[in-house]
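Enquirer: Coordinates for the following, if possible.
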Amino acid sequence: MKIEILGTGCSKCNKTKEVVEKVLKSTGVKAEVVKVEDFETILKYGVMITPCRCD
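Expert: Next up, the predicted model:
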């Protein structure tokens, strides 16, 4: 499984990645966690805005 965190690299995006990794570890679920920070790549997913407004 691959989990992608979409965001431009703000502290909220970093924290989201940390939380996801912690949950995966505590549940024993194996997954690759990747931060997608490139705006052009994020747009390819059809995402125009992410929940966090970067700091």
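Enquirer: For stretch 41-55, list every residue counted as buried.
Expert: Ile42, Thr50 (16 or more other CB atoms under 10 Å). Where C-beta positions appear, they are placed from N, C-alpha and C, glycine not excepted.
Enquirer: tell me the mean pLDDT over it?
Expert: Average pLDDT, stretch 41-55: 79.
Enquirer: Please state the offset of it from the chain centre?
Expert: Stretch 41-55 sits 10 Å away from the centroid of its parent chain (CA atoms, centre = their mean, to the nearest Å).
Enquirer: Kindly report the same for stretch 25-44.
Expert: Its chain's average C-alpha position is 5 Å from that of stretch 25-44, according to CA atoms, centre = their mean.
Enquirer: Could I have the CA atoms of that stretch written out in PDB?
Expert: Listed in PDB are the C-alpha atoms of stretch 25-44, where the atom choice follows Å, rounded to 0.1, in the frame of the first residue of the first chain:
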ATOM      1  CA  LYS A  25       3.500   1.400  13.300                       C
ATOM      2  CA  SER A  26       1.000   1.000  16.100                       C
ATOM      3  CA  THR A  27      -1.400  -1.100  14.000                       C
ATOM      4  CA  GLY A  28       1.300  -3.100  12.200                       C
ATOM      5  CA  VAL A  29       0.000  -2.100   8.800                       C
ATOM      6  CA  LYS A  30       2.700  -2.000   6.200                       C
ATOM      7  CA  ALA A  31       2.600   1.000   3.800                       C
ATOM      8  CA  GLU A  32       4.900   3.400   2.100                       C
ATOM      9  CA  VAL A  33       4.200   7.000   3.100                       C
ATOM     10  CA  VAL A  34       5.200   9.600   0.600                       C
ATOM     11  CA  LYS A  35       4.900  13.400   0.800                       C
ATOM     12  CA  VAL A  36       4.000  14.900  -2.500                       C
ATOM     13  CA  GLU A  37       5.100  18.600  -2.300                       C
ATOM     14  CA  ASP A  38       5.400  19.400  -6.000                       C
ATOM     15  CA  PHE A  39       2.400  21.600  -7.000                       C
ATOM     16  CA  GLU A  40       2.300  20.300 -10.600                       C
ATOM     17  CA  THR A  41       2.100  16.700  -9.300                       C
ATOM     18  CA  ILE A  42      -0.700  17.600  -6.900                       C
ATOM     19  CA  LEU A  43      -2.600  19.300  -9.700                       C
ATOM     20  CA  LYS A  44      -2.400  16.100 -11.700                       C
END
